[in-house]
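Trainee: the following block contains a protein sequence and its predicted model.
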Amino acid sequence: MMKYFLLPLILFLTPTAYGAVSVESLIDQVDQYRGYPESPFEVTLLVHSKRPNKPVQKYKLAVKVKGEKSIVKFLAPARQKGRAILKEGNNMWFHIPRTRRVIRISPTQRLLGEASNGDVASTNFKNDYTAELVGEETVEKTLSYKLHLKATSRKINYATIDLWIDKSTGKPVKSNHYAISGKLLKVAFYKAFQNTESGEKLHKLLLVNPLRKGQYTWMIYNNYKQVNLPDQLFRKESLNRL
């Protein structure tokens, strides 16, 4: 099966505050940099994956998002063109073109590779984690607020996440993603942002696999666009007609 790719995961917020700063306002700022929390949208995603002693694997994806639903379609390379991933809440399906079979993806399969299905098919922090603001730290030479996120369900990709947010801009800086055992599975660095008609958005995300030295993935987001997306697009039965 293909290797899986997209961006860290969804949070449920508690009214915790650190000094005069609330968790809600911090996450609201982060969400605005990572998509359109209140509006359906689409974005083009380039994925460049590197493993030691192997050539870089490159993918081009079209991502459409509406609330908690998202669909990811492979545009390149040619051997994977037309493949699609559908995510609805904690449920996820995978479809290969020229077949009528739609495969349900298990939680284990979601964590394959440097980036997971959950990373590719999730774009905001809203529903799946409780968030606590635990202090301030300097990471990546940036004074940041540190948030600790705890999953509300075992079905969610990562049991906990530590998230650092630039104190001056509200931009995400770094996030660590952990298994239920406490093992660090992934480190994400939010490297670049780009100007759009509706403000700055995430442009480059670097995902590092701490368990395998020299293994990493670049995710490059372009062409953010707010669009009308029909509900029927996000149905499992629609994957055959993409």
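Mentor: Right, received. Where do you want to start?
Trainee: wait, residue 130 touches residue 148, no?
Mentor: No - counting by CB atoms under 8 Å, residue 130 does not reach residue 148; the two are 9.0 Å apart. The way it works is simple: take the backbone N, C-alpha and C, and place the C-beta from them, glycine included.
Trainee: of all the helix elements in this structure, which one is longest?
Mentor: What stands out as the longest helix in the chain, according to DSSP state H, is helix 23-34.
Trainee: give me the buried positions along stretch 178-196.
Mentor: Across stretch 178-196, burial judged by 16 or more other CB atoms under 10 Å covers 178, 185, 186, 187, 188, 189, 190, 191, 193.
Trainee: and which of these is nearest residue 160?
Mentor: Taking CB to CB as the measure, residue 160 lies nearest residue 178 of the buried residues of stretch 178-196, at 4.6 Å.
Trainee: so what's that closest one up against?
Mentor: 158, 159, 160, 161, 162, 184, 185 (CB atoms under 8 Å, 6 or more residues apart in numbering).
Trainee: tell me how many other residues crowd the nearest residue to it once chain neighbours are set aside.
Mentor: Counting by CB to CB, 6 or more residues apart in numbering, residue 178 lies nearest to residue 160, which is 4.6 Å off, once chain neighbours are set aside. Residue 160 sits with 17 neighbouring residues when counted by other CB atoms under 10 Å.
Trainee: residue 168 now?
Mentor: The tally of other residues near residue 168 (other CB under 10 Å) stands at 9.
Trainee: so, low pLDDT: which residues of this protein?
Mentor: 1-20, 107-118, 120-124, 126-127, 242 (pLDDT under 70).
Trainee: which one's the longest strand in it?
Mentor: Using DSSP state E, we find that the single longest strand of the chain is strand 184-196.
Trainee: wait, the residue nearest to residue 178 sits on residue 152?
Mentor: No - using CB under 8 Å, residue 160 makes no contact with residue 152, being 11.3 Å away.
Trainee: quick check: residue 55 vs residue 75, distance?
Mentor: 20 Å (CB to CB, to the nearest Å).
Trainee: sorry, wrong one. I was asking about residue 132.
Mentor: Distance, residue 132 to residue 75, by CB to CB: 39 Å.
Trainee: then residue 162?
Mentor: For residue 162, the distance to residue 75 - CB to CB - is 33 Å.
Trainee: how about the helices in this protein?
Mentor: For the chain, the helices defined by DSSP H cover 23-34, 107-110, 117-121.
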